[in-house]
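Chemist: predicted model and sequence below, questions to follow.
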2 protein chains.
Amino acid sequence: MQLQSIEHHKAFGGHWQRYRHDSEACQCEMKFSVFLPSGVEQGKSHALPVIFWLSGLTCTDENFVQKSFAEAAAAEAGLILVVPDTSPRGCDIEGEEESYDLGTGAGFYLDASEEPWAAHYRMESYIASELYDTVMAAFPVDHNRVGLMGHSMGGHGALTLGLKYPEKFHSVSVFSPICNPSAVPWGKKAFTAYLGHDKGHWKRHDACELIENGARLPHLLVDQGMDDEFLASQLMPEALDTVCRNAGIPLDLRRHSGYDHSYFFIRSFIADHIRYHQSRWSV
Amino acid sequence: MQLQSIEHHKAFGGHWQRYRHDSEACQCEMKFSVFLPSGVEQGKSHALPVIFWLSGLTCTDENFVQKSFAEAAAAEAGLILVVPDTSPRGCDIEGEEESYDLGTGAGFYLDASEEPWAAHYRMESYIASELYDTVMAAFPVDHNRVGLMGHSMGGHGALTLGLKYPEKFHSVSVFSPICNPSAVPWGKKAFTAYLGHDKGHWKRHDACELIENGARLPHLLVDQGMDDEFLASQLMPEALDTVCRNAGIPLDLRRHSGYDHSYFFIRSFIADHIRYHQSRWSV
């Protein structure tokens, strides 16, 4: 896959790089950002660990790059960050720009089976195969130390892709995830549009359902702000807590008083998450 | 002055608060943001040091709040950050929205004498008197530990206001400042519009001219990225270096290879600056 560099900024001794490329999975141009810590650009780096970050509704790759401040901890840890977009864009699909929670900016990290979405909205294949393989080939990545993080819709993505591809993603942590999308308005709307009305097809894209049906993670860190405006209506961490307990998945669910759903919450704890992934890789 | 809270986010145990108020200096509504470290909101805080941040062209207070990540270091240091806007807004002045470097977002931290700007564009009075007094009255601030920082146009603002009001601002540090605005396109355009064609009036708003005419700072930290796209044409740190040397002002001018003019540069070194201000207050 041909990567075209379109932006770069030095930060903390390393570089944020932004690329565009033609995506086979999504049949459109996609953009993503990468943070490369000091040394990588001179080609003298040995294989480094990498963490993929999946963003929430309405985001592009730029929200995390601008607001998470994750590169400070990544630079210190000497690891690579990869930040994809949240959906295909500009595919001329009817309705793709009509709402913030469906279509553009709302890919939900799944492969759509329904029209008019099926040809382009294939974010699961894009993230877990196409972009994954691209990153492994293009950057000096240690294939055995690959983490997956996300926020909100991207927390849902990190949970479900982490549960489905444990051979690819060796550690998972999330902020404010949509834990049980089949049961909440955001998930019901997106799953109905992308996957159809048969809820049997939804189960492979719902973290709680996946765990109930046998998928496992060796460990899981979840941070949740208790002043999050979407906590009760869309996120449902208690559902995840229950299924993890029943399944014997060690879940560290941290409830943070006073924090909301924003990047101010994420950046207050992102360094913790990066250290968490490091600790999991050394287990 | 009546402050109305319009937004708040918990971050690093403290809070970013955003306020609006009716400004007497600018004769319009103004907004600003404040970071209050942990403990202040419970009213149990003793007087804390404060640093004012002055932003560059096109910014509101939100750019620094979203992108600087300064609250991490401020939380650790236990100090307050104050982030004003860069100009009056919405004053129905002809031409105020026409260009990025004049009018809205481009107040240049001076009191305009020329029409149509003179009634509203009074950012020097706003920052150094009205907002300064407001902050001293509204928050638990130690009046003897007050720092001033800024970037680009805001670096020019921090230098000139720091030189003119040493009794109010006890330490000054800047990123990528417009050091000699009288000699560069941004400054010439703004000064001509706000101050008129008589360059004698420009001298009180140009850091190099102020120093040549006797103004002093006890010490100064300047960070400059060497891949800054405005370095040669607009910023001229060498001019500042020369006048500081001639005046005996101890200047720590740090040139950083590979860094550009963006907030990625600022946030890579903002913690250094906060520690610098702390060290100056204990001299």
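Modeler: Cool, the structure landed.
Chemist: dump the residue contacts of residue A:88.
Modeler: The neighbourhood of residue A:88, defined by Cβ atoms under 8 Å, 6 or more residues apart in numbering or on different chains, consists of A:23, A:26, A:27, A:28, A:30, A:104, A:107, A:120, A:121, A:123. Placement of C-beta: from N, CA and C, glycine included.
Chemist: and the gap between it and residue A:129?
Modeler: 15 Å (Cβ to Cβ, to the nearest Å).
Chemist: got the residues of chain A near chain B?
Modeler: Residues of chain A found near chain B, taking Cβ under 8 Å from any Cβ of the partner chain as the criterion, are A:9-13, A:16, A:66-67, A:69, A:72, A:225, A:227, A:258-260, A:262-265, A:267-268.
Chemist: please, where are all the helices along the stretch 101-250 of chain A?
Modeler: Remark: helices assigned in the stretch 101-250 of chain A by DSSP state H, counting those that start in this stretch are A:123-125, A:132-138, A:153-164, A:185-195, A:207-212, A:237-247.
Chemist: elements contacting the next helix or strand along the chain from the last one?
Modeler: Next in sequence after helix A:237-247, counting helices and strands by DSSP states H and E, comes strand A:251-256. The contact analysis (3 or more Cβ pairs under 8 Å, 6 or more residues apart in numbering or on different chains; DSSP states H and E) places strand A:251-256 against strand A:220-225, helix A:237-247, helix A:263-281.
Chemist: single out the most deeply packed of the helices of the stretch 101-250 of chain A.
Modeler: Stretch with highest mean neighbour count among the helices of the stretch 101-250 of chain A: helix A:153-164 (a mean of 28; mean count of other Cβ atoms under 10 Å in any protein chain shown).
Chemist: and it, what does it pack against?
Modeler: strand A:48-54, strand A:141-151, strand A:171-175, helix A:207-212.
Chemist: close enough to count as contact, residue A:70 and residue A:272?
Modeler: No - counting by Cβ atoms under 8 Å, residue A:70 sits too far from residue A:272 to count as a contact (11.1 Å).
Chemist: looking at the two now, which is surrounded by more residues?
Modeler: residue A:70 (23 against 13; other Cβ atoms under 10 Å in any protein chain shown).
Chemist: contacts only, for the closest residue in space to that one that isn't next to it in sequence.
Modeler: Closest residue to residue A:70 apart from its sequence neighbours, by Cβ to Cβ, 6 or more residues apart in numbering or on different chains: residue A:270 at 4.8 Å. Contacts for residue A:270 (Cβ under 8 Å, 6+ apart) come out as A:68, A:69, A:70, A:73.
Chemist: same question, residue A:177
Modeler: Contacts of residue A:177 by Cβ under 8 Å, 6+ apart are A:150-152, A:154-156, A:158-159, A:207, A:222, A:235, A:237, A:240.
Chemist: with adjacent residues omitted, what lies nearest to it?
Modeler: residue A:155 (2.5 Å).
Chemist: now the one you found: how far from residue A:72?
Modeler: The gap separating residue A:155 from residue A:72 is 22 Å, by Cβ to Cβ.
Chemist: ok, now how distant is the residue minimising distance to the centre of chain A from residue A:159?
Modeler: Chain A has residue A:54 as the residue nearest its centroid, 2.1 Å off, counting by Cα atoms, centre = their mean. The gap separating residue A:54 from residue A:159 is 10 Å, by Cβ to Cβ.
Chemist: shared neighbours, the two?
Modeler: By Cβ under 8 Å, 6+ apart, the residues touching both residue A:54 and residue A:159 are residue A:150.
Chemist: and the residue nearest to residue A:104 when sequence neighbours are not counted, what element?
Modeler: Sequence neighbours aside, residue A:96 is the residue nearest to residue A:104 in space, at 5.1 Å (criterion: Cβ to Cβ, 6+ apart). Using DSSP H and E, residue A:96 is not contained in any helix or strand.
Chemist: surely residue A:96 touches residue A:107?
Modeler: No - using Cβ under 8 Å, residue A:96 is not in contact with residue A:107; the gap is 10.4 Å.
Chemist: between those two, tell me which one has more neighbours.
Modeler: residue A:107 (32 against 21).
Chemist: mind checking pLDDT for the more buried one?
Modeler: For residue A:107, the model assigns a pLDDT of 98.
Chemist: how close does the nearest residue to residue A:207 once chain neighbours are set aside get to residue B:177?
Modeler: Distances taken as Cβ to Cβ, 6+ apart place residue A:159 nearest to residue A:207, at 3.8 Å, with adjacent residues excluded. The gap separating residue A:159 from residue B:177 is 46 Å, by Cβ to Cβ.
Chemist: what residue ranges in chain A score low on pLDDT?
Modeler: A:1, A:41-44 (pLDDT under 70).
Chemist: wait, a strand at residue A:35?
Modeler: Yes - assessed by DSSP: H, G, I helix; E, B strand; the rest coil, residue A:35 belongs to a strand.
Chemist: and the closest residue to it other than its chain neighbours, helix, strand or coil?
Modeler: Nearest non-adjacent residue to residue A:35, counting by Cβ to Cβ, 6+ apart: residue A:81, 4.0 Å away. Recorded secondary structure, residue A:81: strand (three-state DSSP).
Chemist: distance between the ends of stretch A:245-262?
Modeler: 28 Å (Cα to Cα, to the nearest Å).
Chemist: in it, what counts as buried?
Modeler: A:247, A:249, A:251, A:256, A:259, A:260, A:261, A:262 (16 or more other Cβ atoms under 10 Å in any protein chain shown).
Chemist: one more: stretch A:101-113?
Modeler: Buried, per 16+ other Cβ under 10 Å, within stretch A:101-113: A:101, A:102, A:103, A:104, A:105, A:106, A:107, A:108, A:109, A:110, A:111, A:112.
Chemist: how long is that stretch end to end?
Modeler: Stretch A:101-113: ends 18 Å apart by Cα to Cα.
Chemist: sorry, back to before: could I get the contacting residues of the residue nearest to residue A:207?
Modeler: A:150, A:172, A:174, A:177, A:179, A:207, A:210, A:220, A:240.
Chemist: pretty sure residue A:209 contacts residue A:203?
Modeler: Yes - contact criterion Cβ under 8 Å: residue A:209 and residue A:203 qualify, at 4.1 Å.
Chemist: which residues do those two both contact?
Modeler: In terms of Cβ under 8 Å, 6+ apart, residue A:209 and residue A:203 are both contacted by the residues residue A:182.
Chemist: tabulate the contacts of residue A:177 (a markdown table), appending distance to residue B:77.
Modeler: Below are the contacts of residue A:177 laid out as a markdown table (distance: Cβ to Cβ, whole Å):
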| residue | distance to residue B:77 |
| --- | --- |
| A:150 | 31 |
| A:151 | 28 |
| A:152 | 31 |
| A:154 | 32 |
| A:155 | 32 |
| A:156 | 37 |
| A:158 | 33 |
| A:159 | 36 |
| A:207 | 39 |
| A:222 | 30 |
| A:235 | 33 |
| A:237 | 33 |
| A:240 | 37 |
